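In: Curious how this folds, go ahead:
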Amino acid sequence: MEAKRWIDVDESAAEMLARVSTERPFLLLPPLHRLPLRVGNVVELVGPSPSSKTLILIQAAISCILPKEWNGAHYGGLERPVMFIDLDCRFDISCLSKMLKQRMMEATGSIVERNQEQDNVDTQSCHKIRKSHIAYDVELYALCMRRFLYVRCYDSFEFLATLKTLYHQLNEVKEEQRSSVYLLMIDSIGAFHWIERALTLSLSRNTNRKSFSLQSISETVVQEMKKLLLVHPMLVIATKTTNLGERYSANEVQRNFFFPDTPDYRNVASTTHKLPYREYMPSVWQSFITHRILVRASADDNLTTRHHQNCPVYISEWLLPQLNVLDKFIVKDGFIFIVL
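Out: Modelled structure (predicted):
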């Protein structure tokens, strides 16, 4: 009887296609467009500062909070809330506001062309987004901004407290907005690493209190995030700042950076995978990552064309999974454009 119930059809082909179309992975804009990212994936954007990592987060957030359509205009968004956890404590909400307004006016075709003098201005910063005298939809703007949820943490303990209480906050958001949070963004995950590392070294000389160790904090962060994703499935995108240099193998990185008395040192996985930077995050975080993208400034000169003048060029490279393709992109007016 159980086998027959399992074999019996419980939906038609039309119902199946409708379900798949609503559950299909949300395809983000460049440079996150190479692979379909689903809820449950944990994406790490790694690169030096500056390399437009936060702007990539903002662009992805805008794509999520905008509706697919509104008053006859096509925006192509997901109309879902976003949770942004700021560990770097440098996020500028006005940058999000300007980029959102710009995206809305682009969708409705209400952008006024700039004159030649404005075109010559370096617009890599979101503070230099072009101005327009055409009004945007104020009601839609307010709805989108309410879907953007912002939390700022000043140390690891505030971050842990946020993760432990986020379950209740997400439930409230779901009841209030009748839609669950789709994107969980963390900027930047390694913000407190070196402080905790120094604290761990200091405590190791005086006490054996594990609760304050770098390893235990990282393990708790990952554990809380895993529990949260089980109850509230979300797509996680986290940025991480690093310095580029020679290529290092993953096991060499861990030998150099983890303490001999930690599980990370004893349980180093044997791998020959080469990284273009020296990894510093504990292996418990590294194993939690499902996708990793490296973004960096290109060695090429600034791009100068008819439409894009003096724009810095960046390169994005998929490290996990490893794709044999490099995408070049520029940042102009707060938007990211792929360079063909």
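In: Could you pull out the strands in the chain for me?
Out: Remark: strands assigned in the chain by DSSP state E are 42-47, 69-70, 73-74, 82-86, 148-152, 183-187, 235-241, 244-249, 274-277, 291-297, 313-320, 322-332, 335-339.
In: Quick one: the helices in this structure, in order.
Out: Taking DSSP state H, the helices of the chain run over residues 2-7, 13-23, 53-65, 93-108, 116-119, 138-146, 156-177, 193-206, 214-231, 250-257, 263-266, 283-286.
In: For the first one, give the mean pLDDT please.
Out: This means helix 2-7. On average, the pLDDT along helix 2-7 is 53.
In: what about the nearest residue in space to Val231 that is not next to it in sequence, distance to Lys174?
Out: Distances taken as C-beta to C-beta, 6 or more residues apart in numbering place Tyr167 nearest to Val231, at 6.1 Å, with adjacent residues excluded. No exception for glycine: its C-beta is placed from N, CA and C like everyone else's. Computed as C-beta to C-beta, to the nearest Å, the Tyr167 to Lys174 distance reads 11 Å.
In: Equivalent analysis for Leu214, please.
Out: On the measure of C-beta to C-beta, Leu214 and Lys174 end up 34 Å apart.
In: More neighbours: these two, which one.
Out: Ranked by neighbour count (other C-beta atoms under 10 Å), Leu214 and Lys174 place Leu214 first, with 25 against 14.
In: I'd guessed that one sits against Glu196; true?
Out: Yes: using C-beta atoms under 8 Å, Leu214 is in contact with Glu196, at 4.5 Å.
In: where are the low-confidence patches of the stretch 201-340 of the chain?
Out: The model of the stretch 201-340 of the chain has pLDDT under 70 over residues 201-212, 245-273, 300-309, 334, 340.
In: Kindly check the end-to-end length of stretch 186-196 for me.
Out: 18 Å (C-alpha to C-alpha, to the nearest Å).
In: typo on my end, stretch 183-195
Out: Its first and final residues considered, stretch 183-195 spans 28 Å by C-alpha to C-alpha.
In: Next, the buried residues of it.
Out: 183-193 (16 or more other C-beta atoms under 10 Å).
In: Just put these in JSON lines and tack on distance to Val82 and pLDDT.
Out: Formatted as JSON lines, the buried residues of stretch 183-195 follow (distance: C-beta to C-beta, whole Å; pLDDT from 0 to 100):
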{"residue": "Leu183", "distance to Val82": "4", "pLDDT": "97"}
{"residue": "Leu184", "distance to Val82": "8", "pLDDT": "98"}
{"residue": "Met185", "distance to Val82": "7", "pLDDT": "98"}
{"residue": "Ile186", "distance to Val82": "12", "pLDDT": "98"}
{"residue": "Asp187", "distance to Val82": "12", "pLDDT": "96"}
{"residue": "Ser188", "distance to Val82": "17", "pLDDT": "87"}
{"residue": "Ile189", "distance to Val82": "17", "pLDDT": "95"}
{"residue": "Gly190", "distance to Val82": "21", "pLDDT": "92"}
{"residue": "Ala191", "distance to Val82": "19", "pLDDT": "91"}
{"residue": "Phe192", "distance to Val82": "22", "pLDDT": "90"}
{"residue": "His193", "distance to Val82": "25", "pLDDT": "85"}
